[in-house]
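1. Next one to model:
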Amino acid sequence: MNLQWFTAQVQELNGALKAQHAEVEIPDVELVEYQPQIGADLARYIDHTLLKPEATYKQICEEITAAKAYAFASICVQPCYVAMAVELLQGVVPVCTVVGFPHGATTTICKVMETRDAIANGAAEVDMVLQIGALKSGDYLSVYRDIARVKEAAGQHTVKVILETSLLDDAAIVKACLLAKAAGADFVKTSTGFAGGGATIHAVRLMRLSVGPEVGVKAAGGIRDRKTALAMLHAGANRLGTSAGIAIVNGIAGETHAY
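-> Here you go, the predicted structure:
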């Protein structure tokens, strides 16, 4: 994919936004070569993720307690566990949670209220799922406003936008990245891990080219070992979402059903 192809995506996106009377214009993509600086300590790149819906209180507490010994970028839990995670972690590791998860189909006001509630309970970061159906329908203004409202509600807290790349073609991935960047998102993220597909090297590279060096890229879904983690970082990710964080840091393979 060359600059001409990316320019065509920007032009198509801006044409649609203009037709939708949007007061936003997407700037041209500048294809900057991304040079990752990857340290030996992989923990600082990892959002250690505990999102299994069947997990019990006991399992969540045990996992958080075990993960507390590692300097993870964050520990990501379901919204109902944010306050508990904050109490258990005592500021040692930031708490992340999810918004509009896993389908992104809740209304914007619901996502805004989820975001405010999560931050009130102590969350430092939120990973929101964008409106996948709206994106695939070409309703780019709704996608932009959805992200922008969540970022406004989050204030200085980190917002990551989950694209669910396994459900999108390359053009839609680029457009989603450009909309997220324009709306003020701090990261774009590949996957929820609950839609039958996870992170791929191709998607991560495409996302990094789309957002440039200014916005973070989070690879999530199917990252279960150190080799895969490093490959995602070399491809352009600077954050990894995985339930195999402890295994990866220790250089062993995580469970095959890990997120």
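2. Helices of this protein, start to end?
-> For the chain, the helices defined by DSSP state H cover 3-19, 57-67, 82-89, 108-120, 132-137, 140-154, 170-182, 201-211, 226-235, 245-249.
3. and the third one, what does it pack onto?
-> The contact analysis (3 or more CB pairs under 8 Å, 6 or more residues apart in numbering; DSSP states H and E) places helix 82-89 against helix 57-67, strand 74-77, strand 95-99. C-beta here means a position set from N, CA and C on the backbone, and glycine is covered the same way.
4. Serialize the ones you listed to JSON lines and add fields for mean pLDDT and distance to Arg239.
-> Compiled in JSON lines, these are given as follows (pLDDT from 0 to 100; distance: least, CB to CB, whole Å):
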{"stretch": "helix 57-67", "mean pLDDT": "95", "distance to Arg239": "16"}
{"stretch": "strand 74-77", "mean pLDDT": "98", "distance to Arg239": "9"}
{"stretch": "strand 95-99", "mean pLDDT": "98", "distance to Arg239": "10"}
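5. May I see these organised as JSON lines, with distance to Leu135 and mean neighbour count added?
-> JSON lines is the format used below for these (distance: least, CB to CB, whole Å; neighbours: other CB atoms under 10 Å):
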{"stretch": "helix 57-67", "distance to Leu135": "32", "mean neighbour count": "15"}
{"stretch": "strand 74-77", "distance to Leu135": "23", "mean neighbour count": "27"}
{"stretch": "strand 95-99", "distance to Leu135": "16", "mean neighbour count": "26"}
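6. do you know which of the ones you listed lies nearest Val29?
-> Across those, Val29 has its closest neighbour in strand 95-99 (27.0 Å, CB to CB).
7. strands paired with that closest one, and their directions?
-> Strand 95-99 has the following strand partners under DSSP bridges: strand 74-77 (parallel), strand 125-129 (parallel).
8. Just send those back as TSV, with distance to Ala203 too.
-> Formatted as TSV, these follow (distance: least, CB to CB, whole Å):
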stretch	distance to Ala203
strand 74-77	20
strand 125-129	16
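9. Nearest to Thr158 among those would be which one?
-> strand 125-129 (4.1 Å).
10. so what's the residue lying closest to Thr65 once chain neighbours are set aside up against?
-> Spatial nearest neighbour of Thr65, excluding adjacent residues (CB to CB, 6 or more residues apart in numbering): Leu88 at 6.6 Å. Going by CB atoms under 8 Å, 6 or more residues apart in numbering, Leu88 touches 61, 64-65, 68.
11. returning to that earlier point: adding distance to Gly193 as columns, could you present the helices of the chain in a markdown table?
-> Output for the helices of the chain, formatted as a markdown table (distance: least, CB to CB, whole Å):
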| stretch | distance to Gly193 |
| --- | --- |
| helix 3-19 | 26 |
| helix 57-67 | 16 |
| helix 82-89 | 19 |
| helix 108-120 | 19 |
| helix 132-137 | 15 |
| helix 140-154 | 20 |
| helix 170-182 | 17 |
| helix 201-211 | 13 |
| helix 226-235 | 14 |
| helix 245-249 | 13 |
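12. His48 is nearest to which of those helices?
-> Once CB to CB is applied to these, the stretch that comes out nearest is helix 245-249, at 3.6 Å.
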